[in-house]
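> Next input, structure requested:
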Amino acid sequence: MEFFRGTNIDWLGKKWYFLGFSLIFSVSGVLSMLFWHGIPKGVDFTGGTQIRVAFDQNPNEDHIRQAIDRGGVHNASIQRVSDPSGHAANKVIIALPIASASDQAHDVGRQSVENALNANYRDSKFQIEQVEIVGPTAGKQLQKQAWLATVYSLIGMLVYLWFRFELIYGVAAVVAVFHDTLITVGAFSLTNQEITLTVIAAILTLIGYSMNDTIVVFDRIRENLATSRRETLSEVVNRSINQTLSRTVLTSGLTFLTVLSLYLFGGEVLHGFSFALVVGILIGTYSSIAVAAPMLVAYQDWRASRGKAVSLPAGKRARA
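Okay, here's the model as predicted:
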């Protein structure tokens, strides 16, 4: 099945538009991380206590805040929970700062919130459904492991592409997925959504997905370089992107619809995970066309300006 036949789009002729698009979203995210919301880390990484409370009637967040404040629990954040249809449910998540979950006394925060609500909240009955407690030491370890997992995955892909293609292919692909990761994390910062362990899992997933799309385009470029010696690299790259465009749109479009359904109907628990995939699939598909492949041409132009050989190596078909 093909969506497009005989496509002849000059992708590289639009490289400045692509560069502008990438700069706008990358810089916006970086500015938000530096000067606005920072990187909003969830309780998995900061440590603390997160308590999900279900009420018999529609809860009043101001009354809950006043009740736990009178009970001696300060600086708590209270967030309403949505049901799978997107409507507010009779549940809230009460997040306590790191001091509530010391390594020596994990359950102090939960007990304090329960006592405060029992003593001061009169609107309706309640029940504590779920408690997540992460001590400060465990939070730091998880944060370190999440960074290492991301960095190791990028290094592993660089080495694999260096071995299967050439170093410049690996560098272009890693730069493209770094671009995807930066924009996705920036989207979390701009929307002030917490990054949890499930979001890290989603980011690692989108790194692999974006890399697979990029390898498909690179593979076609190598094939065409081997058979089209008279064309310029720009012409070969344009032709290769157009030849793989139908496959890219078909596979990415179906995946996007799946993760969009997960985002819309998956409920609060999967909200961060699905949001990362929605943003990541869109940006990853874009970068395989507009970031990774044009970098090969930019590399060739740079070599030409220094008087070096200008052709990229072509060889056997690589396995994606």
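> Low-confidence stretches in the stretch 151-300 of the chain?
Across the stretch 151-300 of the chain, the ranges flagged by pLDDT under 70 are 268.
> mind listing the helices in it by residue range?
167-190, 197-227, 233-265, 271-287, 293-305 (DSSP state H, counting those that start in this stretch).
> quick one, which of those helices is packed in tightest?
helix 271-287 (a mean of 23; mean count of other Cβ atoms under 10 Å). The C-beta positions use only the backbone N, C-alpha and C, and glycine is treated the same way.
> Tell me what angle that one forms with helix 197-227.
10 degrees (axes from the mean of the first three to the mean of the last three Cα atoms, to 10 degrees).
> Excluding its own residues, what touches helix 271-287? List them.
18, 21-22, 25, 42, 82, 176-177, 179-180, 183-184, 187-188, 191, 193-196, 198-199, 201-203, 205-206, 209-210, 213-214, 248-249, 252, 255-256, 259-260, 262-263, 266 (Cβ atoms under 8 Å, 6 or more residues apart in numbering).
> how about the nearest residue to the residue sitting furthest away from the middle of the chain, chain neighbours excluded?
Distance from the C-alpha centroid of the chain peaks at residue 119, with 41.6 Å (Cα atoms, centre = their mean). Closest residue in space to residue 119, ignoring its immediate chain neighbours: residue 71 at 5.9 Å, by Cβ to Cβ, 6 or more residues apart in numbering.
> Please name the residues that touch the one you found.
Residue 71 touches 112-113, 115-117, 119-120, counting by Cβ under 8 Å, 6+ apart.
> and if you look at residue 292?
Taking Cβ under 8 Å, 6+ apart, one finds 172-173, 175-176, 214, 217-218 in contact with residue 292.
> ok, the closest residue to it other than its chain neighbours - contacts?
Once flanking residues are discounted, residue 292 sits nearest to residue 176: 3.9 Å by Cβ to Cβ, 6+ apart. Applying Cβ under 8 Å, 6+ apart to residue 176 gives the contacts 210, 214, 287-288, 291-292, 295.
> need those residues in a markdown table with distance to residue 107, can you?
As requested, these are exported to a markdown table (distance: Cβ to Cβ, whole Å):
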| residue | distance to residue 107 |
| --- | --- |
| 210 | 41 |
| 214 | 47 |
| 287 | 45 |
| 288 | 48 |
| 291 | 48 |
| 292 | 49 |
| 295 | 52 |
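> Identify, from those residues, the entry nearest to residue 270.
Using Cβ to Cβ, residue 210 is the member of those that lies nearest residue 270, at 20.6 Å.
> Tell me the secondary structure of residue 39, please.
coil (DSSP: H, G, I helix; E, B strand; the rest coil).
> thought it was touching residue 187?
No. Taking Cβ atoms under 8 Å as the definition, residue 39 is not a contact partner of residue 187, at 11.6 Å.
> Filter the contacts of residue 71 down to the buried ones, PyMOL style.
A single PyMOL command selects the buried members of the contacts of residue 71 (16 or more other Cβ atoms under 10 Å):
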select buried, resi 112+113+116+117
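> Would you mind giving the contacts of residue 71 as JSON lines with secondary structure, distance to residue 233 and pLDDT added?
Below are those laid out as JSON lines (DSSP: H, G, I helix; E, B strand; the rest coil; distance: Cβ to Cβ, whole Å; pLDDT from 0 to 100):
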{"residue": "112", "secondary structure": "helix", "distance to residue 233": "65", "pLDDT": "84"}
{"residue": "113", "secondary structure": "helix", "distance to residue 233": "62", "pLDDT": "84"}
{"residue": "115", "secondary structure": "helix", "distance to residue 233": "69", "pLDDT": "88"}
{"residue": "116", "secondary structure": "helix", "distance to residue 233": "67", "pLDDT": "87"}
{"residue": "117", "secondary structure": "helix", "distance to residue 233": "66", "pLDDT": "87"}
{"residue": "119", "secondary structure": "helix", "distance to residue 233": "73", "pLDDT": "88"}
{"residue": "120", "secondary structure": "helix", "distance to residue 233": "70", "pLDDT": "87"}
